[in-house]
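# Predicted model follows, preceded by the sequence.
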Amino acid sequence: MTGTGLVADELRALFEAKARAELERADALLAGSDSVRWSGDPQGRVFVVKGAPDPEDTAAGSAFAGPDGGAVRKALAALGLPDDAIFYAVARPERGAPDEAVRARLALQIEAVDPAIVLAADPAAATDLAGAVHAHALDPGRLVVSAGRRLLALDGLRASLSDESLKRRVWSQMKALATED
């Protein structure tokens with residue numbers, strides 16, 4: 001490996017360690033954050049968030065561990081966004097979490113990862129995302145730029161897995177990510 005490559009690897013490792021420390025600090029803001037942990041690349045280009053965990057997420061203790069995880073990975077790969085460039089999170093790992101704590105944690109997670117794109121997988125995640133980034137309500141399928149990030153809300157990724165009409169609509173919404181780069 002060349003000296004330049006070694007320096008780049010060392011810098012990436014330092015930035016990843018910094019992101020992980022910031023993510024831990026964010027999790028400390030919300031009791032129960034350790035019940036369903038984030039997953040993926042802590043320096044991901046894309047940040048995917050769902051409102052609440054599914055049973056598979058809870059069982060695995062990890063975000064997007066169920067069929068919706070496979071679906072979003074496949075869809076993002078089709079848009080040229082490989083899985084190794086994606087960070088996955090759950091806004092509300094446990095029921096009853098206070099809105100302010102949820103949104104503060106989500107805002108810190110987004111800042112720690114510093115993604116170019118934030119994708120809210122369902123309406124609950126879209127509401128929490130809008131509150132976290134101090135944006136107006138996010139309309140499904142409408143790409144919004146806020147603080148240099150592209151934000152996109154979906155009608156319901158998990159629900160689309162059992163509804164062909166909704167699946168087509170969600171895929172159409174996701175294609176908004178391919179229109180700008």
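Sure thing, it's come through. Keep in mind that this is a model prediction, so the values were computed, not measured. Residues are numbered from 1 along each chain as shown.

# Just give me the longest helix of the protein.
Longest helix in the chain, counting residues (DSSP state H): helix 3-27.

# Contacts for it, please.
Residues from elsewhere that reach helix 3-27 (CB atoms under 8 Å, 6 or more residues apart in numbering): 1, 33-34, 37-38, 42-43, 105-106, 108-109, 111-114. In this view, the C-beta of every residue, glycine as well, is placed from N, C-alpha and C.

# Quick check: next helix or strand after that helix?
Once helix 3-27 ends, the next helix or strand along the chain (criterion: DSSP states H and E) is strand 39-40.

# which residues are in contact with that next one?
Contacts of strand 39-40 (CB under 8 Å, 6+ apart): 48, 62, 63, 64, 65, 83, 86, 87, 88.

# average pLDDT for that strand?
What strand 39-40 shows for mean pLDDT is 92.

# go on, stretch 118-131?
On average, stretch 118-131 scores 96.

# ditto for stretch 93-107
On average, the pLDDT along stretch 93-107 is 93.

# what's the first-to-last distance across that stretch?
With CA to CA, to the nearest Å as the measure, stretch 93-107 spans 15 Å from end to end.

# Name the surrounding residues that touch that stretch.
So stretch 93-107 is contacted by 26-27, 29-36, 49, 52-53, 89, 91-92, 128-129, 131-133 (CB under 8 Å, 6+ apart).

# need the helices for the protein, in chain order.
3-27, 55-60, 67-78, 99-113, 123-132, 157-160, 164-174.

# Give me the distance between the residue lying closest to residue 109 once chain neighbours are set aside and residue 106.
Spatial nearest neighbour of residue 109, chain neighbours left out: residue 26 (4.8 Å); criterion: CB to CB, 6 or more residues apart in numbering. Distance, residue 26 to residue 106, using CB to CB, to the nearest Å: 8 Å.

# cool, and residue 94?
Using CB to CB, residue 94 is found at 14 Å from residue 106.

# Under the pLDDT cut-off, which ranges of the chain? List them.
The model of the chain has pLDDT under 70 over residues 1-3, 179-181.

# neighbour-wise, which of residue 94 and residue 106 wins?
Neighbours per residue (other CB atoms under 10 Å) separate residue 94 from residue 106, with residue 106 holding more: 26 against 16.
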